[in-house]
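J.: sequence and predicted structure, then a few things I'm wondering about:
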Amino acid sequence: MLKALVEPRWLVATGIILLGLLLIPFGAPLFYIYILSVIFVTALLAMSLNLVLGYGGIYQFHHAVFYGVGAYTVALILTRTSLPWWIALLAGPFVAAATGLIIGWFCVRLTKLYFGMLQISLGSLVWIIVYRWYDVTGGDNGIHDIPMPEWLTTFQGAYYFILAVVVVCVGLMFLLIKSPFGATLQAIRDNPQRCEAIGINVRHHKLIAIVIAAFFGGVAGVLFATLERSVFPGLLFWVLSLEILVMCLLGGWFTFAGPILGAAIVVALRTVASRYTDYWTMVLGIILILLIFFLPEGVMGFIQERVAAKNKAPHPQRVEEGSGS
Amino acid sequence: MLRVENIVKSFDDFTAVNGAQLTVADGALVAVIGPNGAGKTTLFNLIIGLFKPDRGKITFDDKDITGLPPYEICRRGIARAFQIANIFPRLSVFENVQVAVFAQQRQSRNFLQPAHTLARAETNAILESAGLQHKARHIASALSHGDQRILEIAIALGSQPRLLILDEPTAGMSPEETATTMSLVKQLAQTRGITILFCEHDMDIVFSVAQSIMVMRHGQTIIQGTPEQVRQNRQVQEAYLGGADA
Ligand SMILES: Nc1ncnc2c1ncn2[C@@H]1O[C@H](COP(=O)(O)OP(=O)(O)O)[C@@H](O)[C@H]1O
Ligand SMILES: [Mg+2]
């Protein structure tokens, strides 16, 4: 089944990369193991956004909210209750998905930029609650020293755990976009009006996509909480949402793996830039503007176009899906 | 099968459709004609639920469908091809039709199976009857204008409609493409038994193909009847057929 979905050479390439990632902790300095973990978490977050943004054409401008909700769920359960750690980790994505359902329920009534505006407003409302509700969330201090099982507190332990969860989630998202639902979602992105005319309840499909994206965003949030063992309101602040938006656009929002690349570039840039400047948001803004003008389909989209032009076949990704056989 | 009674639709202060009447019998090939701006496209949009009428009633199979959302009307068996190619530009030709078949089979919420293993036979059959089977893998936006218009019809067929509505299916097509399209339309009506409602600029096509013609002007119905009855109607001759620029 997998062979029919992915070209063999892509499968091989993915296998080699995975093997490399499994071996890294044996040689690399702790700092790099940590940064790679951050990249995995962020890549999952960006990919979950791209599920609705690139594949659904839904302008989910404030996606970080679901990340923050997932992370805070873990933090609150583990610091305020005596429930075991794995329940907290499992609960995160579901609470995020529920938040997605509530926010999405209002937003799907609108389209395009209006959707984005309402989503930013409702998302900011969640941020305000977290930011101001000192007694529960710790306000701008956040919550620190979240207890975690011993094996998860080492850099290597967290690295392998995060890698495993991210690989599973990316696999699930891949199957999702290759399913009839995924095809329908892309059709909605291309032409929502026509979708209505062929019998698709567009709002309902969008809402499902938003809930699923929020779920995976929540998984990323959970992973953040396990890695950092602390949470703070910045996790659901709009600047982070802008950052992951840039990741998708930079990597290529019409490609599956684009957001991974975008996340790697942005996290690396942020790590370097934060040593030299306090104006990270401005740097982001400039990247965004340059992207829109020079690389509207992102780095991966650009590479794909080049490859396609060389092979004289339009969009190589889609070639395997035609009739044939 | 389809019955439109006294339908009215205004945009702000302009009344685009003003009491139009239309009857489509089961298995018929019905044409709507009228000068540009007569309200033909708006009438079709009202039938498929893209616009809500201000007044009037639309029944399909004797059931009231007035004001239902488009996806609901589609599920009852009405599909429509648009006047301008209204396709999924980033999807392949195959996927364009397949998505419609998924919707018709209630598969569009299937998360679990790989899409490329499903609905293949149905999709290929439609592509074949539309003559698009050799272009199945092409990205839709890369097709020629004529092929996009044919794909437009193929998407509508993906819904397995009993009533197919075509809005100027041959507009902007070369003579060969026009011939292909019209023979496709006739074939659909004859071999698949699909009822067809269409509007068309080319009077030769209309009078040679249609069994019933409805003439529209200023959003109103002047007459609906057989080609012979329409040809002999004085009002139509004066208002419309007289001027060769139809
Ligand atoms: N969405 C709309 N908003 C405002 N006016 C419209 C809209 N759609 C159509 N009209 C107007 O309604 C009239 C009828 O248009 P239309 O139904 O497209 O005519 P036809 O298809 O017969 O050429 C035109 O004058 C057009 O400008
Ligand atoms: Mg028109």
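T.: Looks like it came in fine. Every value quoted in this text rests on a predicted model; they were computed, and no experiment measured them. Ligands and ions are numbered 1, 2, ... in the order given.
J.: the longest helix in the chain is where?
T.: Just so you know, I chose chain A. Using DSSP state H, we find that the single longest helix of chain A is helix A:202-228.
J.: my question was about chain B, not that one.
T.: Chain B, longest helix under DSSP H: helix B:175-191.
J.: ok, and what's touching that one?
T.: B:27, B:29, B:129-131, B:146, B:149-150, B:153, B:157, B:164, B:166, B:169-170, B:173, B:194-196, B:198, B:202, B:205, B:209 (CB atoms under 8 Å, 6 or more residues apart in numbering or on different chains). Heads up, the C-betas are built off the backbone N, CA and C, glycines and all.
J.: one more time with 6 Å, if that's ok
T.: B:29, B:146, B:169, B:170, B:194, B:196 (CB atoms under 6 Å, 6 or more residues apart in numbering or on different chains).
J.: so the fourth one: helix, strand or coil?
T.: Same thing as residue B:170. Of the three states, residue B:170 takes coil under DSSP: H, G, I helix; E, B strand; the rest coil.
J.: surely residue B:213 meets residue B:30?
T.: No. Taking contacts as CB atoms under 6 Å, residue B:213 lies outside contact range of residue B:30: 7.4 Å.
J.: how near is the spatially most central residue of chain A to residue A:226?
T.: Nearest to the mean C-alpha position of chain A, by CA atoms, centre = their mean, lies residue A:45 at 2.1 Å. Distance of residue A:45 to residue A:226, computed by CB to CB, to the nearest Å: 14 Å.
J.: repeat that for residue B:114.
T.: Counting by CB to CB - residue B:114 and residue A:226 are separated by 32 Å.
J.: return the list of helices and strands in contact with the longest helix of chain A.
T.: helix A:30-53, helix A:64-80, helix A:85-107, helix A:155-178, helix A:180-190, helix A:192-197 (3 or more CB pairs under 6 Å, 6 or more residues apart in numbering or on different chains; DSSP states H and E).
J.: neighbours of the residue of chain A found nearest ligand 1, how many?
T.: Closest contact between chain A and ligand 1, by CB to the nearest ligand atom, is at residue A:193 (11.8 Å). When counting by other CB atoms under 10 Å in any protein chain shown, one arrives at 13 neighbours for residue A:193.
J.: with residue A:139 instead?
T.: Neighbours of residue A:139 under the rule other CB under 10 Å: 14.
J.: can you pull the buried residues of the longest helix of chain B?
T.: Of all the residues in helix B:175-191, those buried under the rule 16 or more other CB atoms under 10 Å in any protein chain shown are B:177, B:178, B:180, B:181, B:182, B:184, B:185, B:188, B:189.
J.: about what we covered before: residues in contact with the residue lying closest to the residue nearest to the centre of chain A once chain neighbours are set aside?
T.: Nearest residue to residue A:45, sequence neighbours excluded (CB to CB, 6 or more residues apart in numbering or on different chains): residue A:220, at 3.9 Å. Each residue near residue A:220 by CB under 6 Å, 6+ apart is listed here: A:41, A:44, A:45, A:67.
J.: once you drop chain neighbours, what's closest to the last one?
T.: Translated: residue A:67. Among residues not flanking residue A:67 along the chain, residue A:221 sits closest, at 4.2 Å (CB to CB, 6+ apart).
J.: so who does that neighbour touch?
T.: Contacts of residue A:221 by CB under 6 Å, 6+ apart are A:67, A:70, A:71, A:92.
J.: mind checking pLDDT for the residue of chain A closest to ligand 1?
T.: Looking at residue A:193, its pLDDT stands at 91.
J.: next, the buried residues of the helix or strand bottoming out on mean pLDDT in chain B.
T.: Least confident helix or strand, chain B: helix B:234-236 with a mean of 82, by mean pLDDT, DSSP states H and E. Buried residues in helix B:234-236, defined by neighbour count with 16+ other CB under 10 Å: residue B:236.
J.: what's the answer for stretch A:250-263, then?
T.: A:250-263.
J.: secondary structure class for the residue located most distally from the centre of chain B?
T.: Relative to the C-alpha centroid of chain B, counting by CA atoms, centre = their mean, residue B:112 is the outermost residue, at 33.4 Å. At residue B:112 the chain is in coil, as set by three-state DSSP.
J.: which non-adjacent residue is nearest it?
T.: residue A:179 (6.4 Å).
J.: next, the one you found: phi, psi?
T.: Dihedral pair for residue A:179: phi -90, psi 170, per degrees, to the nearest 10.
J.: for it, give me its contacts.
T.: By CB under 6 Å, 6+ apart, the neighbours of residue A:179 are B:110, B:111, B:115.
J.: now with 10 Å, please.
T.: By CB atoms under 10 Å, 6 or more residues apart in numbering or on different chains, the contact list for residue A:179 reads A:185, B:102, B:107-116, B:118.
J.: and for residue B:39?
T.: Going by CB under 10 Å, 6+ apart, residue B:39 touches B:7, B:9, B:15-18, B:20, B:32, B:45-46, B:216-221.
J.: which bits of chain B sit near ligand 1?
T.: When proximity is defined by CB under 6 Å from any ligand atom, chain B lies next to ligand 1 at B:11, B:14, B:16, B:34, B:36, B:37, B:38, B:39, B:40, B:41, B:42.
J.: what's the most distant pair in those?
T.: The distance between the two most remote of these (CB to CB) is 17.5 Å, for B:11 and B:34.
J.: between the two, point out the one with more neighbours.
T.: Counted by other CB under 10 Å, residue B:11 and residue B:34 do not tie: residue B:34 has more neighbours, with 25 against 10.
J.: beta-bridge partners for the spatially closest residue to that one that is not a sequence neighbour, please?
T.: Spatial nearest neighbour of residue B:34, excluding adjacent residues (CB to CB, 6+ apart): residue B:216 at 3.5 Å. Listed by DSSP bridges, the beta-bridge partners for residue B:216 are residue B:221.
J.: residue B:216 contacts residue B:32, doesn't it?
T.: Yes. Assessed by CB atoms under 10 Å, residue B:216 is found in contact with residue B:32 at 5.9 Å.
J.: where do the contact lists of these two overlap?
T.: Between them, residue B:216 and residue B:32 share these contacting residues under CB under 10 Å, 6+ apart: B:20, B:22, B:38, B:39, B:40, B:43, B:199, B:224.
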